[in-house]
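J.: Starting from these lines, generate the structure:
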Amino acid sequence: MGFAIENLRDDAMKARVHVMLKNGVLDPQGEAVRHALGALGFDKVEGVRQGKVIDLELAEGATEADVTAMCEKLLANTVIESYSIEMQ
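T.: Numbering: from 1, shown residues only. Sure, this is the predicted structure:
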């Protein structure tokens, strides 16, 4: 069963976190996807960076600073990953 931000309560405060490997960090999954796309005939793709999206349903009063703390402590490995936050 998948989880989509659309399935969250309509009245809930939401945040979407995008996590990506930092530039300069090798991305073997992205390279595998690029190679597979080429094998399927999609030869105009020169590079792929793969990341993850994390959707959060937040309690009333939660702030972007709270989500930033979550990212710094758990959701992103800040040594090799960067992240961005969208509050909704």
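J.: which residues of this structure fall in helices?
T.: 28-39, 64-70 (DSSP state H).
J.: could those helices be laid out in CSV, adding distance to Gln88?
T.: Every C-beta, even on glycine, is put in place using the N, C-alpha and C of the backbone. CSV is the format used below for the helices of the chain (distance: least, C-beta to C-beta, whole Å):
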stretch, distance to Gln88
helix 28-39, 27
helix 64-70, 11
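J.: low pLDDT regions in this structure?
T.: 1-10 (pLDDT under 70).
J.: which ones are touching Ala15?
T.: If a contact means C-beta atoms under 8 Å, 6 or more residues apart in numbering, then Ala15 has Asp55, Leu56, Leu58, Ala62, Glu64, Val67, Ile85, Glu86, Met87, Gln88 as its contacts.
J.: Put the buried members of those into a ChimeraX selection.
T.: Burial among those is assessed by 16 or more other C-beta atoms under 10 Å; the matching ChimeraX selection reads:
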select :55,56,58,62,67,85
